[in-house]
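Student: got a sequence here, can you model it:
(chains A and B)
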Amino acid sequence: MLINVLIVVILIIGAFFTLVGSVGLLKLKSPMARLHAPTKASTLGVGSLLLASMIDAFAHREPSLHEVLVMAFLFVTAPISANFIAKVHIHRRSNVDALPPLPEGTEWATLDAPPDQKIEPSEGLR
Amino acid sequence: MTRHIFKRLLPHPMLTLLLVVVWCLLNNTIGPGAIVFGAILGLVIPAVTAPYWPDRPSVPQPWGMLVYIFIVLWDIIVANVVVARIILFKSNADMKSAWVRIPLDLRKPEAITILAGTITLTPGTVSADLSSDGTELLVHALHAPDPDAVRDEIKSRYERRLKELFE
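Tutor: Numbers count the residues shown, from 1 in each chain, chains lettered A, B, ... in the order given. Predicted coordinates:
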């Protein structure tokens, strides 16, 4: 009985943070700000749901540790997709002037192309 | 000579161990069958993929890494609550998004990867890019009235610990 209450509480926490992540996607204005919303849904949101699934499995069914694997793979791959989206954003140069300047001779790796391959930002890409 | 044979058979001992553990978790059992088959996979896969990994990646001490993982998990919970409040109660006009430049003391690629992953997993900050010489990290913060504080916190809380773990 008590264990069911615990499972429900953790499920609600997970659902809440997933919902906030979706609200963030709708509400925030710039692409970079919107990128912050899924990181929250995929960490505490999915994390809580998986924790609830694990407690349920140990309490009522066969013990299962698949959730640990799901969480490990998710935590390893989520930053990579977020990094790719950020890189695409930098490539589109929508606010590339706002990037913090670097010491002379270096550049942010995404923008660092050989001179003949540099793509100047065009109107269409803005 | 024995060292050489050992290196041919087990080019990446940690990868072998990881594959056995993952195989047992996938099967949800720790029976002899799962361990033996996991061991076969753990011997074959590192041997076949060895040409892609010429050097052994540096592996931190397991105990220190465990402490680091728990610190990051705790920070993820705290940061989730902070960012949920920002998203729900702050208007877009009040939100001060900022790019933060973090000069890195870390040099090992594995350590920088873990630092960048940690920054992205902690809500409120996303690591976006690395400078071309690998000495600076570009981070985007959702709401940072004081970007220098974000930089100092990441440096003192995560980078210092990773430096102790890896170097």
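Student: export stretch A:7-18 as PDB, just CAs?
Tutor: Below are the C-alpha coordinates for stretch A:7-18, written out as PDB (Å, rounded to 0.1, in the frame of the first residue of the first chain):
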ATOM      1  CA  ILE A   7       5.200   5.000  -6.900                       C
ATOM      2  CA  VAL A   8       2.300   7.400  -7.600                       C
ATOM      3  CA  VAL A   9       4.200  10.300  -6.100                       C
ATOM      4  CA  ILE A  10       7.300   9.600  -8.200                       C
ATOM      5  CA  LEU A  11       5.100   9.200 -11.300                       C
ATOM      6  CA  ILE A  12       3.500  12.600 -10.700                       C
ATOM      7  CA  ILE A  13       6.900  14.200 -10.200                       C
ATOM      8  CA  GLY A  14       8.000  12.700 -13.500                       C
ATOM      9  CA  ALA A  15       4.900  13.800 -15.300                       C
ATOM     10  CA  PHE A  16       5.200  17.300 -13.900                       C
ATOM     11  CA  PHE A  17       8.700  17.900 -15.100                       C
ATOM     12  CA  THR A  18       7.900  16.400 -18.600                       C
END
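Student: which positions within it qualify as buried?
Tutor: Across stretch A:7-18, burial judged by 16 or more other CB atoms under 10 Å in any protein chain shown covers A:7, A:10-11, A:13-14, A:17-18. In short, each C-beta sits where N, CA and C put it, glycine included.
Student: what's it in contact with?
Tutor: With contact meaning CB atoms under 8 Å, 6 or more residues apart in numbering or on different chains, stretch A:7-18 is reached by A:40-41, A:44-49, A:51-52, A:55-56, A:59, B:80, B:84.
Student: next structured bit after the helix or strand of chain B with the lowest mean pLDDT?
Tutor: Least confident element among the helices and strands of chain B, by mean pLDDT, DSSP states H and E: helix B:2-9 (a mean of 71). Downstream of helix B:2-9, the next assigned helix or strand under DSSP states H and E is helix B:13-27.
Student: what does that following helix contact?
Tutor: Residues outside helix B:13-27 that contact it (CB under 8 Å, 6+ apart): A:65-66, A:68-69, B:10, B:30, B:34-35, B:37-39, B:41-43, B:45-46, B:59.
Student: can you report how many residues lie near residue A:40?
Tutor: 26 (other CB atoms under 10 Å in any protein chain shown).
Student: now residue A:60
Tutor: Residues near residue A:60, counting by other CB under 10 Å, number 10.
Student: other SSEs contacting the longest helix anywhere in chain B?
Tutor: When chain B is parsed with DSSP state H, its longest helix is helix B:62-89. With contacts taken as 3 or more CB pairs under 8 Å, 6 or more residues apart in numbering or on different chains; DSSP states H and E, helix B:62-89 sits against helix A:2-27, helix A:36-40, helix B:109-121, helix B:160-166.
Student: take those and lay them out in JSON lines including mean pLDDT.
Tutor: As requested, the helices and strands packed on helix B:62-89 are exported to JSON lines (pLDDT from 0 to 100):
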{"stretch": "helix A:2-27", "mean pLDDT": "90"}
{"stretch": "helix A:36-40", "mean pLDDT": "78"}
{"stretch": "helix B:109-121", "mean pLDDT": "88"}
{"stretch": "helix B:160-166", "mean pLDDT": "85"}
